[in-house]
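Enquirer: return a 3D structure for these sequence lines:
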Amino acid sequence: MTGIERTGDGTLYFLYSAGDEHLTGLWKLRPGGKPERVAALPASSFLNGLARDDRTGNFYLTDSTQGGVWQVGPHGGTAKLWAGGEDLAPTHFFGANGVKVHNGAVWVSNIDRGTILRIPLTDKGTAGPHQVMASGLDSVDDFAFTGRGDQLLAALNIPSELLLITPGKPDRTVLDESDGLENTTSVAVDGDTVYVASGALTTGGDANLLTAHLGHHD
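Expert: Modelled structure (predicted):
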């Protein structure tokens with residue numbers, strides 16, 4: 001189980017990659033209910049990141065092995081490949097990974113290529129030309145916007161670092177192994193509070209969840 005989104009009514013949407021055509025896809029869990037699959041995806045997919053467009057209700061799912069972004073309507077149904085191409089594809093392990101809907105576009109990280117892409121949402125809802133917004137990010141996994149324009153925090157997996165990326169300024173490491181990060185996998189921002197998850201996939205240490213304060217001077 002990977003990406004997760006919660007809607008206003010408390011329903012949880014999540015991704016399940018089981019290597020099985022009867023299980024792989026987008027699932028939902030209503031409060032007090034049972035999990036049900038709302039969109040099937042190919043068994044060969046490794047579904048990783050999940051984001052919801054609050055304006056349309058559409059879901060965007062990254063596929064790390066196939067190297068693309070799937071779109072699913074607000075009520076589920078048939079998934080369609082929304083974006084693909086070399087810049088979303090893997091080179092040896094995983095391609096498209098983290099995903100966020102922000103400022104009229106779908107933003108996607110590529111862990112193998114060390115990039116974060118911005119894919120504009122056109123008036124018709126299709127994918128516009130891909131733009132590389134950040135590069136040279138060693139094993140970039142998930143990322144989150146800070147609420148200050150296009151400034152974002154990126155989780156770098158192998159280096160066990162959290163990087164602050166501000167347009168027009170040098171990237172800055174704000175958390176690392178000395179703070180307790182071990183194979184940083186995901187990050188979320190809630191106001192001035194930052195939540196950083198570590199998977200400890202290769203470090204041999206302990207998976208953990210770290211909280212930090214987002215300073216106004218950053």
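
Enquirer: what comes up buried for stretch 56-65?
Expert: Buried residues in stretch 56-65, counted by 16 or more other Cβ atoms under 10 Å: N58, F59, Y60, L61, T62, D63, S64, T65. All C-beta atoms are positioned from the backbone trio N, CA, C, and that covers glycine.

Enquirer: the first one touches R52, doesn't it?
Expert: Yes: using Cβ atoms under 8 Å, N58 and R52 qualify as a contacting pair, with a distance of 7.2 Å.

Enquirer: in which helix or strand would I find the most far-flung residue of the chain relative to its centre?
Expert: Distance from the C-alpha centroid of the chain, by Cα atoms, centre = their mean, peaks at G32 (26.8 Å). Using DSSP states H and E, G32 sits in no helix or strand.

Enquirer: pLDDT at it, what is it?
Expert: You'll see G32 listed with a pLDDT of 96.

Enquirer: next, it: phi, psi?
Expert: phi 80, psi 0 (degrees, to the nearest 10).

Enquirer: any idea how far it is from T7?
Expert: Note on G32: its distance to T7, by Cβ to Cβ, to the nearest Å, is 15 Å.

Enquirer: where does this protein have low pLDDT?
Expert: Counting by pLDDT under 70, the chain has low-confidence residues at 216-218.

Enquirer: and the helices in this protein?
Expert: Using DSSP state H, no helices are found in the chain.

Enquirer: among the buried residues of stretch 56-65, name the ones in strands.
Expert: Those of those mapping onto strands are F59, Y60, L61, T62, D63, per DSSP state E.

Enquirer: measure the residue nearest the centre of the chain to V140 for me?
Expert: Closest to where the C-alpha atoms of the chain average out (Cα atoms, centre = their mean) is G98, at 2.2 Å. Using Cβ to Cβ, G98 is found at 7 Å from V140.

Enquirer: what's the overlap in contacts for those two?
Expert: S109, A155 (Cβ atoms under 8 Å, 6 or more residues apart in numbering).

Enquirer: related to what we said a few turns ago, got a list of what the residue nearest to the centre of the chain touches?
Expert: G98 makes contact with N48, G49, T62, V108, S109, V140, D141, D142, F143, A155, S186 under the criterion Cβ under 8 Å, 6+ apart.

Enquirer: equivalent analysis for G57, please.
Expert: By Cβ under 8 Å, 6+ apart, the neighbours of G57 are G73, P74, H75.

Enquirer: that older thread, quick one: the buried residues of stretch 56-65 as TSV, columns for distance to G180 too.
Expert: Converted to TSV, the buried residues of stretch 56-65 look like this (distance: Cβ to Cβ, whole Å):
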residue	distance to G180
N58	36
F59	32
Y60	31
L61	30
T62	27
D63	31
S64	26
T65	30
